[in-house]
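K.L.:
Take this sequence and fold it.
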Amino acid sequence: KYFLVYAKRFFVNWEVFYVSIDFFLDLAIIIVAAKSLGILARFIHVPQVVGEIIAGLLIGPSVLGLVSQSDFLNQMAEIGVIMLMFVAGLETDLKDLKKTGVAAFFIACAGVLLPLIGGYLLYSIMYGFAAVGTDDFFKAVFIGVIMTATSVGITVQALREMGKLKGKVGTTILSAAIIDDVIGIIVLTFVIGFKNPDAHPFMVVINTVLFFVFAVVVGLLLYFLFKWLDNRFPHRRRLPIYAFAVCLGMAYIAEAWFGIADITGAFVAGIIFCNIRDADYIARKMDINSYMLFSPIFFAGIGLKTQFDNMTWSLLWFCILFVAVALVCKVIGCGLMAKACHFSGGDSLKIGVGMMTRGEVALIVSQKGLAIGLIPAEYFAAVIMLIIVSSVVTPILLKLLYKRSQKGGDVSDEELPDSQAPQTVSP
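P.N.:
A predicted model of the protein is given here:
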């Protein structure tokens with residue numbers, strides 16, 4: 001009798017210690033599918049992330065059902081988001097931002113403000129205007145926040161092929177895109193803070209300001225510390241290891257101490273190190289880990305979460321209008337502000353079109369909204385449609401605009417000296 005009791009206890013406890021190894025198979029399927037379709041997407045001149053998202057959609061519950069969501073995959077995807085935003089910060093060159101003057105700043109502000117308003121109005125017109133502070137109000141605002149993100153990787157490639165990357169238009173687009181991402185992250189921070197039912201508007205503002213004050217003070221100390229380490233131990237692997245530890249720490253502090261998005265902390269960590277000598281070395285080391293494992297899990301995870309079971313005609317119309325409003329608002333907002341900053345009409349239109357591509361940042365913002373309950377998973381379909389359409393349409397329109405300006409003898413987009421042309425690319 002006692003033997004059976006102890007044997008039962010042993011096997012019950014053994015179940016507690018037993019760890020399923022199914023996640024190995026899940027990871028293998030995700031990596032192979034995401035990278036294979038990512039390469040295929042790049043071959044047909046579509047962003048690689050689109051292929052990785054479609055891979056997640058195919059292997060997920062909506063189609064083949066080979067992989068399901070799990071806490072482990074969600075945590076791995078969260079690390080992937082943190083790494084992407086850290087690298088985005090590392091690739092930001094503050095010196096180049098200063099050289100472009102105030103024009104890029106105002107263009108970026110207009111490129112955030114108009115899509116933010118457009119997204120809010122689109123959701124409110126389709127589903128009804130909600131009282132300020134309600135869940136539906138924050139959903140409407142968050143739709144606008146998703147539209148604010150800019151990812152000019154496709155634009156950069158198109159401009160490089162035409163030899164216009166270092167021109168006045170290319171320089172302005174690159175700088176405005178970087179500032180656009182910073183402003184968008186700040187807006188996201190405020191929206192997430194206000195979404196908390198226990199949050200008071202005044203305290204949200206105070207916490208956000210305190211975080212950035214903390215980031216400046218601690219960032220300066222870390223900058224000089226890592227600058228010293230970089231000079232003493234150049235090109236050593238300990239540098240990216242310590243830098244990534246700081247990234248994780250800043251992500252935790254941002255959310256746990258100040259109640260703002262962890263990706264804000266990761267982005268700020270990248271900004272802290274962006275101007276040390278080995279910033280590119282740190283970014284390359286981060287890219288290796290991100291490219292091999294964490295980024296495919298994140299982007300494929302978007303596909304895993306995307307659901308078409310609840311797709312209705314109303315939601316389909318919303319997706320179509322979401323794409324149209326997001327593209328038009330960027331072109332109008334950035335284009336009109338460029339015109340106000342004394343660019344020619346042709347160059348203003350090129351800047352507006354160049355700023356309308358969306359990519360990783362829009363997905364990161366959407367993922368954050370899903371995690372805190374601001375949007376349901378069905379709305380990922382609209383974001384994916386926006387990324388695909390903007391990635392295909394933008395290079396075509398840019399080439400047509402440049403051909404038209406060349407026929408008309410427009411030489412306003414002269415090439416800038418290398419010292420004035422930003423070399424960084426917004427994510």
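
K.L.:
C-terminal to the helix or strand where Leu239 lies, what's the next element?
P.N.:
With elements taken from DSSP states H and E, the one containing Leu239 is helix 238-256. Counting by DSSP H and E, the next helix or strand C-terminal to helix 238-256 is helix 262-273.

K.L.:
Tell me what angle that following helix forms with helix 238-256.
P.N.:
The directions of helix 262-273 and helix 238-256 differ by 140 degrees, with axes from the mean of the first three to the mean of the last three Cα atoms, to 10 degrees as the criterion.

K.L.:
What helices and strands are in contact with helix 262-273?
P.N.:
helix 71-90, helix 168-195, helix 201-232, helix 238-256 (3 or more Cβ pairs under 8 Å, 6 or more residues apart in numbering; DSSP states H and E). Every C-beta, even on glycine, is put in place using the N, C-alpha and C of the backbone.

K.L.:
for these, which one sits closest to Cys334?
P.N.:
Cys334 lies closest to helix 168-195 among the helices and strands packed on helix 262-273, at 6.9 Å (Cβ to Cβ).

K.L.:
Against which helices or strands is that closest one packed?
P.N.:
Using 3+ Cβ pairs under 8 Å, 6+ apart: helix 168-195 touches helix 94-99, helix 101-127, helix 135-148, helix 153-161, helix 201-232, helix 262-273, helix 345-354, helix 360-371.

K.L.:
The same query, at a cut-off of 6 Å, please.
P.N.:
Packing partners of helix 168-195 (3 or more Cβ pairs under 6 Å, 6 or more residues apart in numbering; DSSP states H and E): helix 101-127, helix 135-148, helix 201-232, helix 262-273, helix 345-354.

K.L.:
before we move on, the earlier item: can you give me the buried ones in the helix holding Leu239?
P.N.:
Buried residues in helix 238-256, defined by neighbour count with 16 or more other Cβ atoms under 10 Å: 239-240, 242-244, 246-248, 250-251, 253-255.

K.L.:
Using CSV, list the CA coordinates for that helix.
P.N.:
In CSV, the C-alpha atoms belonging to helix 238-256 read as follows (Å, rounded to 0.1, in the frame of the first residue of the first chain):
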residue,chain,number,x,y,z
ARG,A,238,32.1,41.6,-24.9
LEU,A,239,31.0,45.0,-26.3
PRO,A,240,27.8,43.8,-28.0
ILE,A,241,27.1,41.4,-25.1
TYR,A,242,27.1,44.3,-22.6
ALA,A,243,25.2,46.5,-25.0
PHE,A,244,22.5,43.9,-25.4
ALA,A,245,22.3,43.6,-21.6
VAL,A,246,21.7,47.3,-21.4
CYS,A,247,19.0,47.0,-24.1
LEU,A,248,17.2,44.4,-22.1
GLY,A,249,17.6,46.4,-18.9
MET,A,250,16.2,49.6,-20.6
ALA,A,251,13.3,47.6,-22.0
TYR,A,252,12.4,46.3,-18.5
ILE,A,253,12.9,49.7,-16.9
ALA,A,254,10.7,51.4,-19.4
GLU,A,255,7.7,49.1,-18.9
ALA,A,256,8.2,48.1,-15.2
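
K.L.:
pLDDT (mean, whole number) over that helix?
P.N.:
The average pLDDT for helix 238-256 rounds to 90.

K.L.:
got the contact list for it?
P.N.:
82, 86, 260, 262, 264-266, 268-269, 273, 278, 282, 285 (Cβ atoms under 6 Å, 6 or more residues apart in numbering).

K.L.:
Distance to Ala149, neighbour count and pLDDT added to the residues you listed, as a markdown table?
P.N.:
Formatted as a markdown table, the contacts of helix 238-256 follow (distance: Cβ to Cβ, whole Å; neighbours: other Cβ atoms under 10 Å; pLDDT from 0 to 100):
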| residue | distance to Ala149 | neighbour count | pLDDT |
| --- | --- | --- | --- |
| Ile82 | 17 | 26 | 85 |
| Phe86 | 17 | 30 | 85 |
| Ile260 | 17 | 24 | 74 |
| Asp262 | 17 | 21 | 80 |
| Thr264 | 14 | 26 | 77 |
| Gly265 | 18 | 28 | 85 |
| Ala266 | 16 | 30 | 86 |
| Val268 | 17 | 26 | 85 |
| Ala269 | 19 | 30 | 90 |
| Phe273 | 23 | 26 | 88 |
| Asp278 | 28 | 22 | 85 |
| Ile282 | 24 | 25 | 87 |
| Lys285 | 26 | 18 | 86 |
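
K.L.:
which two from the residues you listed end up farthest apart in space?
P.N.:
Taking Cβ to Cβ, no two of those sit farther apart than Ile260 and Asp278, at 28.5 Å.

K.L.:
so what's Ala176 up against?
P.N.:
Contacts of Ala176 by Cβ under 6 Å, 6+ apart are Ala104, Ile107, Ala108.
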